[in-house]
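>>> Take this sequence and fold it.
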Amino acid sequence: MSKQSSAVLHVSEEQLVTMRIHNQLLGIPVWEAREILREQKITKIPLVASEIAGALNLRGRIVTVIDIRHRLQLPPRDPSVPCIFVVMEHKGELYSLIVDSVGDVLTIPSTSIQNAPPNLAPNWRDISAGVHRLEKELLIILDPRPLFTFGVESD
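Numbering: from 1, shown residues only. The predicted structure is shown next:
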């Protein structure tokens, strides 16, 4: 093995599941997404935080459904348009984000992830782990942990 070949740098990469909410491209690390579900029956839950849309039953487990549009102060989703549920786990509990659509899994170099721009709205910045510039749009990489706090600090 030559000295030149042994000095090859290994660039770490991130694999992100992409999704859209209100025409904004978002991504979460692929290992965070447990399941992607099509339209599900949501049961309303009284006296919960306003961003909780309700709960759904996933093979006998209760999944808390988060209306990320509400959290991001976006217009409500048109109820006549089907949505997608991205199921994630946090501290042993299952949660699902309601999204408009799920796209491809993107593999991007970790070095291409930048901090969220300072002009990004605070509610978006709070859930952003960074951004990645694509050819025609900006991919906001979600840090899902703040979504599971409902006004309570997470560790």
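>>> Can you list the low-confidence ranges for this structure?
Low-confidence segments of the chain (pLDDT under 70): 1-11, 150-155.
>>> Can you identify each of the strands in it by residue range?
Using DSSP state E, the strands assigned to the chain run over residues 13-21, 24-29, 33-37, 52-58, 61-66, 84-90, 93-99, 101-109, 128-133, 138-142.
>>> Include distance to Pro122 when you put the ones you listed into JSON lines, please.
Every residue, glycine included, has its C-beta placed from N, CA and C. Output for these, formatted as JSON lines (distance: least, CB to CB, whole Å):
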{"stretch": "strand 13-21", "distance to Pro122": "17"}
{"stretch": "strand 24-29", "distance to Pro122": "16"}
{"stretch": "strand 33-37", "distance to Pro122": "26"}
{"stretch": "strand 52-58", "distance to Pro122": "21"}
{"stretch": "strand 61-66", "distance to Pro122": "18"}
{"stretch": "strand 84-90", "distance to Pro122": "22"}
{"stretch": "strand 93-99", "distance to Pro122": "19"}
{"stretch": "strand 101-109", "distance to Pro122": "25"}
{"stretch": "strand 128-133", "distance to Pro122": "10"}
{"stretch": "strand 138-142", "distance to Pro122": "14"}
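>>> Which positions within stretch 75-93 qualify as buried?
If you call a residue buried by 16 or more other CB atoms under 10 Å, then stretch 75-93 has these buried ones: 77, 83-88.
>>> Can you point out the buried residues in stretch 120-132?
Within stretch 120-132, the residues that count as buried by 16+ other CB under 10 Å are 124, 127-132.
>>> Please identify which of the residues you listed is nearest to Glu32.
Minimum separation from Glu32 among those (CB to CB) is found for Ala129, which lies at 10.4 Å.
>>> Was I right to think the closest one contacts Leu142?
Yes. When contacts are counted by CB atoms under 8 Å, Ala129 is listed as touching Leu142 (6.5 Å).
>>> show me the residues around Ile140 that make contact.
Taking CB atoms under 8 Å, 6 or more residues apart in numbering, we find Ile140 in contact with 24-27, 116, 120, 124, 128, 131.
>>> who's Thr18 bridged to?
Residues found in beta-bridge contact with Thr18 (criterion: DSSP bridges) are Gly27.
>>> Since that was my last question, I'll sign off now.
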